[in-house]
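[1] Just to be clear, the model below is a prediction. Sequence and coordinates:
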Amino acid sequence: MEQIYTIPVNEAFEASRDDASCGCPLCALYNKLENNELETILGASMMEPDIRIKTNKEGFCRTHYDMMFVRKNRLGMALTLESHLDELLSDLKGGGILNPSKPQKRISELEGSCYVCKRIEFNFRHMADTVVYLWDKDEEFAKKLKAQPYFCLPHYRLLLEFADGRLQKKKAALFAKDCAEVVNKYLEELKGDVSWFCKKFDYRYGDEPWYNSRDAVERSIKFLRSDIHLPEPPKNQKN
């Protein structure tokens, strides 16, 4: 399974290695998956019966409803919502005094589900596992991993989780060491940039240069909580 994902994983790691502004390669992979899923669900697939059955049952989280809405395909959304609401009307009928648990159960299921999230999660976890697989099997990829600008904390944890599940104990420790070197180096730099940003609001440092601190707050948030759910890319930009 992991070999299916080697090309996009390699591409993401090469892009971030060559251009630090690309940020965490796992975030880039997540955003690519998310963009592809949103493009697909608002495209031809919304008319496919098997897809419609799934979206009727699972619905979408608020984040992905909002992301679909800003893509300006209101007809696509309306067609999806039409059948979803129709099925919900049928599901919720019979609730109330005679069967109060019926709507509670259905709504609870809906609140915890999202068709797009489920699709992304399936593929993304395989991609994270592929990172560990490539590190173990490909020396060149191991060099790419060590040359990354950073891994955000949520995806750093995810990589360690898959390393523990896939690798023997000694190799998992070596993988963790390589990742830790990337993360700790960036964390030290980030802390210094945030500290300098704070000092720049002290009049005594008013004439000093900003160095690399102007966007330190934004970069800290991306590092701590990931950089995902990005706006739709321009139409002339490749996914």
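    Yep, it's here.
[2] Excluding residues flanking it in the chain, which one is nearest residue 206?
    Of all residues not flanking residue 206 in the chain, residue 200 sits nearest, at 7.5 Å (C-beta to C-beta, 6 or more residues apart in numbering). Yep, even glycine has a C-beta here, placed from its N, CA and C like the rest.
[3] Backbone dihedrals for that neighbour, please?
    Dihedral pair for residue 200: phi -60, psi -10, per degrees, to the nearest 10.
[4] from what I can see it touches residue 213, true?
    Yes: counting by C-beta atoms under 8 Å, residue 213 is a contact partner of residue 200 at 6.8 Å.
[5] any idea of the mean pLDDT in stretch 185-200?
    Regarding stretch 185-200, the rounded mean pLDDT is 97.
[6] got a list of contacts for it?
    149-150, 205-206, 208, 210-214, 216-217, 219-220, 223 (C-beta atoms under 8 Å, 6 or more residues apart in numbering).
[7] could you dump it to PDB, C-alpha only?
    Written as PDB, here are the backbone C-alpha positions of stretch 185-200 (Å, rounded to 0.1, in the frame of the first residue of the first chain):
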ATOM      1  CA  LYS A 185      16.600  23.100  15.500                       C
ATOM      2  CA  TYR A 186      13.600  24.900  14.200                       C
ATOM      3  CA  LEU A 187      12.100  25.200  17.700                       C
ATOM      4  CA  GLU A 188      15.200  27.000  19.000                       C
ATOM      5  CA  GLU A 189      15.200  29.300  16.000                       C
ATOM      6  CA  LEU A 190      11.500  30.000  16.400                       C
ATOM      7  CA  LYS A 191      11.900  30.800  20.100                       C
ATOM      8  CA  GLY A 192      14.600  33.200  19.300                       C
ATOM      9  CA  ASP A 193      12.500  34.900  16.700                       C
ATOM     10  CA  VAL A 194       9.500  35.300  19.000                       C
ATOM     11  CA  SER A 195      11.700  36.700  21.800                       C
ATOM     12  CA  TRP A 196      13.200  39.200  19.400                       C
ATOM     13  CA  PHE A 197       9.700  40.100  18.100                       C
ATOM     14  CA  CYS A 198       8.700  40.900  21.700                       C
ATOM     15  CA  LYS A 199      11.800  43.000  22.300                       C
ATOM     16  CA  LYS A 200      11.000  45.100  19.200                       C
END
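[8] how far is that stretch from where the chain is centred?
    25 Å (C-alpha atoms, centre = their mean, to the nearest Å).
[9] heads up, I number from 37, so please use that
    From this message on, residue numbering opens at 37, which makes the last subject stretch 221-236.
[10] Okay, buried residues for it please.
    The neighbour-count check on stretch 221-236 (16 or more other C-beta atoms under 10 Å) flags 222, 226, 229, 232, 233, 236 as buried.
[11] all helices for the protein, in order.
    42-54, 61-77, 85-94, 98-105, 110-128, 137-147, 151-173, 175-182, 189-202, 205-235, 252-261 (DSSP state H).
[12] on that earlier part again, would you mind reformatting the buried residues of stretch 221-236 (as JSON lines) and adding columns for distance to residue 87 while you're at it?
    JSON lines is the format used below for the buried residues of stretch 221-236 (distance: C-beta to C-beta, whole Å):
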{"residue": "222", "distance to residue 87": "40"}
{"residue": "226", "distance to residue 87": "42"}
{"residue": "229", "distance to residue 87": "45"}
{"residue": "232", "distance to residue 87": "50"}
{"residue": "233", "distance to residue 87": "47"}
{"residue": "236", "distance to residue 87": "51"}
